[in-house]
Structures are given as structure tokens and as C-alpha cells.
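Chemist: Below are the sequence and a predicted model; questions follow.
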Amino acid sequence: MATTYKTPGVYIEEISKFPPSIAEVSTAIPAFIGYTQKAIVQGVDYHQQAADAAKAAATTQKAADEAQADAAKAPDDATKKAAAKAAKEKADAAKAAADNAKVFGAVRITSLLEYKQYFGETEPESNIVIKIEERLDKDGNVTDRQISGKNEKPSPHNMYYAVQAYFANGGGPCYIVSVGNIKSATEVITASDLQIGIERVAKEDEVTLFVIPESQALSFADRAGVFDDAIKQCYSLQDRFAIFDMQVPTEGQSIFAAAGAFRDMSLTLDALKYSAVYTPNVETIFNYEYEPGSVKLLHLQTSPDGTTKNGDFHDKNMSDLAPKQDDKSVGDAILLNLVKAAIDAIPLILPPSPLVAGQYAFVDSTRGVFKAPANVALSSVIKPTIKITSAEQENLNVDTSGKSINAIRAFTGKGTLIWGSRTLDGNSNEWRYVPVRRFFNMAEESIKKATEGFVFEPNDANTWVKVKAMIENFLTLQWRAGALAGAKPEQAFYVNVGLNTTMTALDILEGRMIVEIGMAVVRPAEFIILKFSHKMQES
């Protein structure tokens, strides 16, 4: 409504001529879901709260069981029915309390230091074995010494190492969802805990990636349930993408047999385009956490005649090597340092997803979300645990099921590279590639948030022009950045809105404003073919 002027004078009115701009949403904000050493945020110990809530849930469950027993003893059907209903309500309340006790929500962090502050580090490894082999001369002096180490059964709890690898590969802000305490869940990782964590992530609008590094410890069926919950959330919200790890091949199983088993996993077909899977695991330069008292020593000494006996430290632990006030103190100190070096040399094996997530963030910030996060080197990696050749990758990259598996490969002079950028919907010409799906996620979410400002505005030509101009300006910037293919903007995208164009009179009567957007997103050059031929000499 125009202002009513009553006093003579000069009045200034500023007329808005430009449409509002669209801010590009963040594209690489992962949520790490798993177990942590602690969860103390702003002075509140959420793991302790969870334990207390779990006890209360157990009490409620006991009351529900007693109520169920009383219902069975009721004298008539009406009383039985009422008692059974009350028992069920108590049981449902107990289950809800137990589930809510496990996870307190997602915490946003921006560095490994923040992770340590809120969630600690990790529990020490308990299965590190150091083998000391020495050759003696005739006088019993050591002439040669070989020391090797091995973590015979690494802990399945790798959240701390995963976050460490994420930041080492260029990762930025991320969310941590703690689903339990490592101390109370040693060797136990359950699908239900991880699924509750996935459910909690749905409340975080900023999250755009799923990373579940501990999922490899689950059984095949449990892993399928966790993965399916993640991709169904991606499909429902349409603003996030899941990065999965393929299971580790069992002893004697080839990587192709493992890939076949993964492809047999029952996942929601329509949601496959929102996920990608990577294999194999990688050896990293990070060091395992350990306590000297839990490091077992195997000390063997071989005499000149070839006989072998146990050394002084055989079947002892690393703490026994600490220098003592006797003649052997120097020798013990030297051996202790050699054992420490052997432990540090043990490669820490991680699933690829946290490192890949870091590279997603790095590529997005340096090139753009439209650039495929492939043919990039993983930082802090020694090598993949399984060597995959070009011929072997064929069966991973392309399969009749469409479930493409992206390989992590080592190349001479280049390091360890991500050598694939396909989604699990590899048979789709629309959603085959990771950058295409993720660019659409970004564009859809950015435009959606910007157009929310037009809700309840008049559904007429004036509003349509503003919305169209706003979206066209955004897509023009994307075209200039190289995200859209076309010599001119009109060849790269289109935006349509209006009566008899995208809407009928009935649509307008029912309050619907329909905008149709088409984008020619650039595709990665997955196969570069160079054709050579002989040319006849002309002079």
C-alpha cells in the first residue's frame, strides 16, 4: 500500500530493482557416526547421562514385564485387554528411553583439537606383538638384531583415527555423533546404535555427507540395514550423500567375490544415486595408541651353532624394558627405543571413507562441487591394502547390477589415488557420476532456501519475474565457474515459470507456484581415448 502524504515537502523512496541473490550452501560437511572415548560438551557428560537413562529404561521395562504378567492373570477379557495395553505403553516408553539414551545429538567441530576436547582420543590397542630376533656370537654378545611388530587384532573402534585422517586430507567443519562409549562397548559395535545415530543426523540441516567408519565391523546383514537407513535419509531429504566402505575380503576371498557379496546387499533402489562405495582399505602413517604394559614381547636368540632360545624379555611386555639401575640399564633403554620405533612402523589400517570425505571437502573448496573427487592423491597414506590393476578394476567399475565400486589405487610416482567417481546407480545416465549428483544436491538446496523468502508472496507475474531472475543469476555464476556445459548461458540451463508455461489456472488457485529448472551439468572425462595412425610422408 502506498504511503499517504499529508505534509508538503520532498520524500525519498528507494525502489528495489535487483532480485535477491542465492547463497551457495556448503557441500562437504560430513557427519561421523560411531563410538567415542567420551562425550563431554560444555561440562555435561552425555555418556553418563545415557547410562543413567538406560538404568531408568531398564526399571521401566521391568515394570512393563510385571504389568504384562498381571495382565495374564486378569479374571476377565476386558481387564486383560486394559492391562495388556498399559503394559505395552510401558514397554514402548522403556524402548524409547533406551534409544534416546544412546545418542545425545550431533556436535559441530572444526579441528582435531576440538574432537579431543569433547570426545577424547581412543582406547589403547591390546593386541600389539613385538618380535625381537637376535643373533649371538660365541661369547653371547648380540651381533645382529631384527625387530618387527604387528597388531594382531586392531580394535574395531576407529573414530578418532578416522577424524584424524579426514582433517589430514583437507577436511573442514564436520559433525560428530557419538553413539556410545568405547569403554563400555569394547569389541561390540551394533547396527541399532549406528542407526539411531543416522536418525539423529536428520535433524542437522547443514550435514551433506555420511561417514560411518566403524561399519566394517558389522555383520553383512547389519551393514545392509545401516547403509539402507543412510541412503533412505539422503533420498528423503535430498540434500546429502553417503560415502560407504566395502567390506574387507575374508581370508582366501578375492576382492571380486567380496564385491559380488556387496552388490547382493538389499538396498533401496531409488536411493542408490545418493551414495558411493570405495575399496580397499588403506595403510596410513598414523600411529596406534597403546600402553607399554599391553605390548607383548617375543624375544628369541640364536647361537652360532643354530640353536634358538628365549631371551630375557620373552613373553614379557614393553614396560619390562624400562631402564633399571643395574648393568643392563643402557641396553634396556636402547632396546626400548627400538621397540617404540617398531610399533610406530606398524601401519594403521583405515577404511577409505574418512580420507575420501576429506578429499571431497578439499576438491569442493579448490575446484568446486562439480569437479569429480577422483584422480586426487590421498594424504598420509602408505599404500592400499590390496593392489588393484586396470584389468581388475573393470569388474569393480562397471557391473550389470549398476552398483559401481570405486577403487583406491597406487600409481608409481603419483601415490595412492582415488580412481573412480561413480555412484551406486551406475546404470543411470543421469546419476552415474558423484559430482553430478552432488552438484544437483547443492543447486536444489541453495535455490530452495532462497525461494523460501517468496512463500506467501502474491502468486503473480511480478513475483515470477523476481524468482526467475534470481535463479538465472545463480545459474549464470555456476556456468561461469565451469559447472554447466554450454557456449552460452541459454545452452547451459533454462528457468521457466508462469501461467500456461509451468502452471495452470488451477495451480494458482490452489496456491502452487511451479518453477521448472534444467541444467546441463558437466560430466567427468572418465575415459580419454587417444587415436593414433600413420601419416604418409609428404616431403
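Modeler: Sure thing, it's come through.
Chemist: Let me know the pLDDT of the residue lying closest to Asn281 once chain neighbours are set aside.
Modeler: In space, and not counting its chain neighbours, Asn281 is closest to Thr385: 4.7 Å by Cβ to Cβ, 6 or more residues apart in numbering. To be clear about C-beta, it is placed using only N, CA and C from the backbone, and glycine gets the same treatment. The per-residue pLDDT reported for Thr385 equals 95.
Chemist: Let me see the contact set for Tyr175.
Modeler: By Cβ atoms under 8 Å, 6 or more residues apart in numbering, the contact set of Tyr175 is 29-32, 106-109, 201, 204, 206-207.
Chemist: Give the ranges of residues in this structure that sit below the confidence cut-off.
Modeler: For the chain, the stretches with pLDDT under 70 are 1-2, 54, 56-57, 60-61, 63-84, 87, 90-91, 94-104, 184-187, 324-331.
Chemist: who touches the helix or strand containing Ile517?
Modeler: Assigned by DSSP states H and E, Ile517 belongs to strand 515-519. For strand 515-519, the surrounding residues in contact (Cβ under 8 Å, 6+ apart) are 440, 443, 447, 451, 467-468, 471, 475, 478, 484, 492-497, 501-502.
Chemist: partners of it in the sheet?
Modeler: In the sheet, strand 515-519 lines up against strand 493-497 (antiparallel) (DSSP bridges).
Chemist: next SSE after the strand it pairs with?
Modeler: Next element after strand 493-497 (DSSP H and E): helix 505-509.
Chemist: measure the residue nearest to Asn281 to Ile508 for me?
Modeler: 60 Å (Cβ to Cβ, to the nearest Å).
Chemist: can you check Gly260 too?
Modeler: Counting by Cβ to Cβ, the gap from Gly260 to Ile508 is 53 Å.
Chemist: And for Thr416?
Modeler: Relative to Ile508, and taking Cβ to Cβ, Thr416 is found at 56 Å.
Chemist: what about those two, which has more around it?
Modeler: Thr416 (22 against 14; other Cβ atoms under 10 Å).
Chemist: Secondary structure of that one: a helix, I assume?
Modeler: No - counting by DSSP: H, G, I helix; E, B strand; the rest coil, Thr416 is not part of a helix but strand.
Chemist: surely it meets Ala410?
Modeler: Yes - here Thr416 reaches Ala410: they are 5.0 Å apart, a contact under Cβ atoms under 8 Å.
Chemist: residues bridging contact with those two, i.e. touching both?
Modeler: 383-384.
Chemist: Show me the helices in the stretch 101-250 of the chain, by range?
Modeler: 112-119, 159-168, 191-201, 220-237 (DSSP state H, counting those that start in this stretch).
Chemist: give me every residue that touches the spatially most central residue of the chain.
Modeler: Among the residues of the chain, Val211 comes closest to the average C-alpha position under Cα atoms, centre = their mean, at 1.3 Å. For Val211, the contact set (Cβ under 8 Å, 6+ apart) comprises 30-33, 162, 166, 243, 353-354, 357.
Chemist: and which of those is nearest to Leu378?
Modeler: Pro354 (10.3 Å; Cβ to Cβ).
Chemist: With adjacent residues omitted, what lies nearest to the closest one?
Modeler: According to Cβ to Cβ, 6+ apart, the nearest residue to Pro354 is Ala162 (3.8 Å).
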